[in-house]
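>>> Okay, predicted coordinates and the sequence, questions at the end:
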Amino acid sequence: MEQEMSPQKNEAENQPERRIKTMAQKSKPKPKPSYDRKAKHPDYVQFQCTAYAFNSIIRDIKDKLNERQKKLLKKTPFWNLIELFYRQRIDMNNMNKSDLDLVQLLKKFDPDTKSFKFGTKSFRIQAMQ
């Protein structure tokens with residue numbers, strides 16, 4: 001059975017919803033959620049280390065590692081990085097960020113020919129099609 005709607009209700013349903021304009025207000029900051037910092041797996045470990053701290057650690061433990069420990073370190077995915085500091089192939093003096101290479105490269109750019117000039121040769125970069 002269909003019920004008859006009053007003309008007022010029927011007309012109200014066909015009208016678009018009215019929007020209320022509000023002025024922007026500074027909202028209260030939302031409270032930060034408290035995260036469970038404990039790992040879900042007992043084997044999970046996460047470290048964060050700066051290059052300076054890493055260099056200091058390697059320097060401190062270098063003479064204290066026995067052959068078995070070195071062998072185990074070589075099996076880790078970090079051995080290539082560890083070895084750089086361990087064998088003193090890299091140190092903090094050459095770890096500083098520098099844009100000097102980029103500056104030198106940009107000085108070689110000729111905007112008129114849109115190419116880089118190295119000595120007597122000129123190189124232009126083109127998009128491959």
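Received the coordinates, thanks.
>>> Against which helices or strands is the lengthiest helix in the chain packed?
Scanning the chain for the helix with the most residues, using DSSP state H, yields helix 51-61. On a contact count with 3 or more Cβ pairs under 8 Å, 6 or more residues apart in numbering; DSSP states H and E, helix 51-61 meets helix 79-86. (C-beta placed from N, C-alpha, C; glycine too.)
>>> Only C-alpha atoms, please: export the helix or strand that comes right after the helix it packs on in PDB.
Next helix or strand after helix 79-86 toward the C-terminus (DSSP states H and E): helix 100-107. What follows is helix 100-107, C-alpha atoms only, in PDB (Å, rounded to 0.1, in the frame of the first residue of the first chain):
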ATOM      1  CA  LEU A 100      80.700  21.800  -5.700                       C
ATOM      2  CA  ASP A 101      80.500  19.100  -8.500                       C
ATOM      3  CA  LEU A 102      77.100  20.300  -9.500                       C
ATOM      4  CA  VAL A 103      78.300  23.900  -9.600                       C
ATOM      5  CA  GLN A 104      81.200  23.000 -11.800                       C
ATOM      6  CA  LEU A 105      79.000  21.100 -14.100                       C
ATOM      7  CA  LEU A 106      76.500  24.000 -14.400                       C
ATOM      8  CA  LYS A 107      79.400  26.300 -15.200                       C
END
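>>> What are the contacting residues of helix 100-107?
Phe116 (Cβ atoms under 8 Å, 6 or more residues apart in numbering).
>>> for stretch 61-68, same thing?
With contacts defined as Cβ under 8 Å, 6+ apart, stretch 61-68 is touched by 73, 86.
>>> How about stretch 72-91?
The contact list for stretch 72-91, computed with Cβ under 8 Å, 6+ apart, reads 54-55, 58-59, 62, 65.
>>> which parts of the strand or helix carrying Lys70 are buried?
Remark: Lys70 resides in helix 67-74, with elements defined by DSSP H and E. Residues of helix 67-74 include none that count as buried (16 or more other Cβ atoms under 10 Å).
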